[in-house]
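J.: heads up, no residue letters with this:
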């Protein structure tokens, strides 16, 4: 054990003789190539885990790591530590690739401010589940992250990005390698294992919320065990050998190269252009600010950049249009299912002109546009019960106080009681019907 490098939580649990530590150490030592001593008592009745992933890295003593100065200063002061570097890299990966658009989803959470509504969104969409897991993961690692990241929060004058004490403790190392580069490499990998365990805990919490239908984001202390972030390493003549339990690739599959993505993007553009031009070519009724109404051939696009846009924001027919730039530099908005196009100098003017022309000449499309009714039809519904009215009043008051973060615990507790009251009332009605 004196030759092994280990995390501080594992060392602490071994001193406490926690359940399973001996089995884990035996399995991890075997994965490192250290045989179980024959003079020790046999442990054949114990199930030793053997699912480990191993990394080996070589370091040169002559190599020095230099840090490039940023082009402009960051918005918040960020201490330079391996754990902080790994956290910022993983957070950037989650925001850009795993859960893109999570900021807009969290803005929807804040606007709704209702744990029951948020839980329904989480249960009904995988993208929303990833955004909520990102929320829990970030708050469990960085206290006060909602002030820095999510909207409608005022940035303090002097803000320092810091980590929670539990995360910093999980990333501490007992035992040091001889090489300074090896020590730095071990600190990066230890932070990766610990932060990955926090992410899996956030995913488990999100799945529980999708099952219970009551969202909770107040208590974000990770419920991870020592085995979730345990690892073991030793320095060998060939480099540093590092092992950790095999876990799922929580950052998603590796993305293809930029060249392949660009080829797929061009192929999609070509397919969209061909589907549009096969239908759009030929004589077409055209309107422009300079020439007025006239019948000309469909204007040829200058390139493959053809956009598909909503023409009228109506919930019934939902007509669409094509938007592109012609060879003469003008922007063309073309009705998708009708021979009507509008030319203008800007995309916004082209779409606005096509909307006016489609409203004036709705018969060109073949079907009448689904105009909204002058007077909305009101369907009588039963009046809300007293409990439902009180709950809605409570949600509105929390919204007015902007208490999505500060009153998160009260929101979850009140939503749980309200859901229990609804279930009780529903069961009572069923019993009366059976009687």
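T.: Cool, the structure landed. Here the structure is a predicted model, which means the values were calculated and not measured.
J.: which SS state does residue 190 fall under?
T.: helix (DSSP: H, G, I helix; E, B strand; the rest coil).
J.: That one contacts residue 171, correct?
T.: Yes - with contact defined as Cβ atoms under 8 Å, residue 190 reaches residue 171; the gap is 5.2 Å. In this view, the C-beta of every residue, glycine as well, is placed from N, C-alpha and C.
J.: As a check, name the ranges of all strands in the stretch 151-300 of the chain.
T.: With DSSP state E, counting those that start in this stretch as the criterion, the stretch 151-300 of the chain has strands at 173-174, 232-236, 239-245, 283-288, 292-297.
J.: any common contacting residues for residue 190 and residue 171?
T.: Common contact partners of residue 190 and residue 171 (Cβ atoms under 8 Å, 6 or more residues apart in numbering): 7, 82.
J.: Could you export the strands of the stretch 151-300 of the chain as CSV, including distance to residue 136, mean neighbour count and mean pLDDT?
T.: As requested, these are arranged in CSV below (distance: least, Cβ to Cβ, whole Å; neighbours: other Cβ atoms under 10 Å; pLDDT from 0 to 100):
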stretch, distance to residue 136, mean neighbour count, mean pLDDT
strand 173-174, 26, 16, 80
strand 232-236, 28, 20, 82
strand 239-245, 22, 21, 79
strand 283-288, 53, 18, 88
strand 292-297, 57, 10, 87
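J.: Please, which helix or strand holds residue 120?
T.: helix 115-124 (DSSP states H and E).
J.: Turn the strands of the stretch 151-300 of the chain into JSON lines, including distance to residue 223.
T.: Putting the strands of the stretch 151-300 of the chain into JSON lines (distance: least, Cβ to Cβ, whole Å) gives the following:
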{"stretch": "strand 173-174", "distance to residue 223": "23"}
{"stretch": "strand 232-236", "distance to residue 223": "23"}
{"stretch": "strand 239-245", "distance to residue 223": "17"}
{"stretch": "strand 283-288", "distance to residue 223": "63"}
{"stretch": "strand 292-297", "distance to residue 223": "67"}
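J.: among the ones you listed, which is nearest residue 161?
T.: Among these, strand 173-174 comes nearest to residue 161, with 21.9 Å by Cβ to Cβ.
J.: Adjacent strands (with direction) for the closest one?
T.: Strand pairing for strand 173-174, determined by DSSP bridges: strand 4-7 (antiparallel).
J.: and the residue nearest to the spatial centre of the chain, what does it touch?
T.: Nearest to the mean C-alpha position of the chain, by Cα atoms, centre = their mean, lies residue 99 at 2.3 Å. By Cβ under 8 Å, 6+ apart, the contact list for residue 99 reads 105, 127, 130-131, 133-134.
J.: Got a quick ChimeraX command for the buried subset of those residues?
T.: ChimeraX command restricting the contacts of residue 99 to the buried ones, with burial defined by 16 or more other Cβ atoms under 10 Å:
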select :105,130,131,133,134
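J.: Mind checking which of the contacts of residue 99 land in helices?
T.: Mapping the contacts of residue 99 onto helices (DSSP state H) picks out 105, 127, 130-131, 133-134.
J.: For the helix or strand harbouring residue 412, give the mean pLDDT please.
T.: Per DSSP H and E: residue 412 is located in helix 408-434. The average pLDDT within helix 408-434 is 81.
J.: Stretch 322-335 now?
T.: On average, stretch 322-335 scores 89.
J.: Residue 199 contacts residue 138, doesn't it?
T.: No - judged on Cβ under 8 Å, residue 199 makes no contact with residue 138 at a distance of 10.1 Å.
J.: doesn't residue 100 make contact with residue 131?
T.: No - here residue 131 lies out of contact with residue 100, judged by Cβ under 8 Å, at a distance of 9.3 Å.
J.: returning to what we had before: tell me which of the strands of the stretch 151-300 of the chain lies nearest to residue 338.
T.: Here strand 283-288 is closest among the strands of the stretch 151-300 of the chain (Cβ to Cβ), at 8.5 Å.
J.: tell me the angle the helix or strand containing residue 139 makes with helix 408-434.
T.: Using DSSP H and E, residue 139 sits within helix 126-141. If you take axes from the mean of the first three to the mean of the last three Cα atoms, to 10 degrees, helix 126-141 sits at 140 degrees to helix 408-434.
J.: next structured bit after helix 126-141?
T.: Remark: after helix 126-141, the chain's next helix or strand is helix 145-148, criterion DSSP H and E.
J.: Averaged pLDDT, that next one. What do you get?
T.: For helix 145-148, the per-residue pLDDT averages 84.
J.: Then stretch 272-281?
T.: Averaging the model's pLDDT scores along stretch 272-281 yields 86.
J.: Buried residues in it, which are they?
T.: Neighbour counts using 16+ other Cβ under 10 Å place 272-273, 276, 280 of stretch 272-281 among the buried residues.
J.: Among the residues you listed, which lie within helices?
T.: Going by DSSP H, the helices hold 272-273, 276, 280 from these.
J.: Can you lay out those as JSON lines showing distance to residue 13?
T.: Shown next, in JSON lines, are those (distance: Cβ to Cβ, whole Å):
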{"residue": "272", "distance to residue 13": "57"}
{"residue": "273", "distance to residue 13": "61"}
{"residue": "276", "distance to residue 13": "63"}
{"residue": "280", "distance to residue 13": "69"}
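J.: how does this protein divide up, domain by domain?
T.: Here the domain assignment for the chain is 1-255, 271-365, 386-434, based on automatic domain parsing.
J.: Any chance you could list what contacts the helix or strand hosting residue 341?
T.: Using DSSP H and E, residue 341 sits in strand 340-344. Identification of contacts with strand 340-344 by Cβ under 8 Å, 6+ apart yields 284-289, 291, 298-299, 326, 330-335, 350, 352-354, 357-358, 361, 364-365.
J.: Quick one: buried ones out of these?
T.: Buried subset of the contacts of strand 340-344 (neighbour count, 16+ other Cβ under 10 Å): 284-288, 298-299, 330-335, 350, 353-354, 357-358, 365.
J.: Could I get the pLDDT score of the closest residue to residue 211 other than its chain neighbours?
T.: Spatial nearest neighbour of residue 211, excluding adjacent residues (Cβ to Cβ, 6 or more residues apart in numbering): residue 123 at 7.8 Å. Predicted confidence (pLDDT) for residue 123: 91.
J.: and what of residue 179?
T.: pLDDT, residue 179: 71.
J.: Hmm, it is touching residue 239, no?
T.: No - judged on Cβ under 8 Å, residue 179 makes no contact with residue 239 at a distance of 9.2 Å.
J.: Only the buried residues of the helix or strand hosting residue 27, if you could.
T.: For residue 27, the element it lies in under DSSP H and E is helix 21-31. Buried residues in helix 21-31, counting neighbours by 16+ other Cβ under 10 Å, are found at 21, 24-31.
J.: just stretch 335-343 next, same as before
T.: For stretch 335-343, by 16+ other Cβ under 10 Å, it's 335-336, 338-343.
J.: Which member of those residues is positioned nearest residue 414?
T.: Using Cβ to Cβ, the buried residues of stretch 335-343 come closest to residue 414 at residue 336, 47.6 Å.
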